[in-house]
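Engineer: sequence isn't available, so here's the structure alone:
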């Protein structure tokens, strides 16, 4: 193992059975990623999150928020009013993660044209290869 691969925390995310591996699996969900980024600016209600996260189904939003709450990244507060009001906010751990994810989001937004161009070139190259096959 390279010295760069060694964690000072005693975990090895490359190992399937390592707890850090399951953390990475959770973070790999685009909805987890986007929900954490959306909550970075403060508390939101379920409906506000649903509008912010275009394309998420109500079921997926509920599942995502449950995972984030379970893992200590989101705090859920239910207000005793009729109809019930529920708000979500990041915990300190969630805020820490949100800073990292926001940097990745900024990188993605900045380099989206580069990736789009590379995909178009790859698609054109692929089409050119298939055109010359007998």
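Structural biologist: Structure received. All values derive from a computational prediction rather than experimental measurement.
Engineer: remind me which helix or strand the residue nearest to the spatial centre of the chain belongs to.
Structural biologist: Central residue of the chain (C-alpha atoms, centre = their mean): residue 33, 1.5 Å from the mean position. Following DSSP states H and E, one finds residue 33 within helix 30-39.
Engineer: now swap in residue 77 and tell me
Structural biologist: Under the criterion of DSSP H and E, residue 77 resides in strand 74-79.
Engineer: what strands line up against that strand, and which way round?
Structural biologist: strand 85-90 (antiparallel) (DSSP bridges).
Engineer: the partner strand: what's the following helix or strand?
Structural biologist: Following strand 85-90 toward the C-terminus (DSSP H and E): helix 92-132.
Engineer: may I see the buried residues of the helix holding residue 33?
Structural biologist: Using 16 or more other C-beta atoms under 10 Å as the burial criterion, the residues of helix 30-39 that qualify are 31, 32, 33, 34, 35, 36, 37, 38, 39. Every C-beta, even on glycine, is put in place using the N, C-alpha and C of the backbone.
Engineer: the second one contacts residue 68, correct?
Structural biologist: What that stands for is residue 32. Yes. Under the criterion of C-beta atoms under 8 Å, residue 32 makes contact with residue 68 at 6.5 Å.
Engineer: by mean pLDDT, point me to the weakest helix or strand of this protein.
Structural biologist: Here the helix or strand of the chain ranked lowest by mean pLDDT, DSSP states H and E is helix 92-132, holding a mean of 88.
Engineer: that helix: how far from the chain's middle?
Structural biologist: The chain centroid and the centroid of helix 92-132 are separated by 14 Å under C-alpha atoms, centre = their mean, to the nearest Å.
Engineer: which helices and strands does it pack with?
Structural biologist: Secondary-structure packing of helix 92-132 (3 or more C-beta pairs under 8 Å, 6 or more residues apart in numbering; DSSP states H and E): helix 30-39.
Engineer: quick check: angle from the helix it packs on to helix 92-132?
Structural biologist: Interaxial angle of helix 30-39 relative to helix 92-132 (axes from the mean of the first three to the mean of the last three C-alpha atoms, to 10 degrees): 130 degrees.
Engineer: all set now, cheers.
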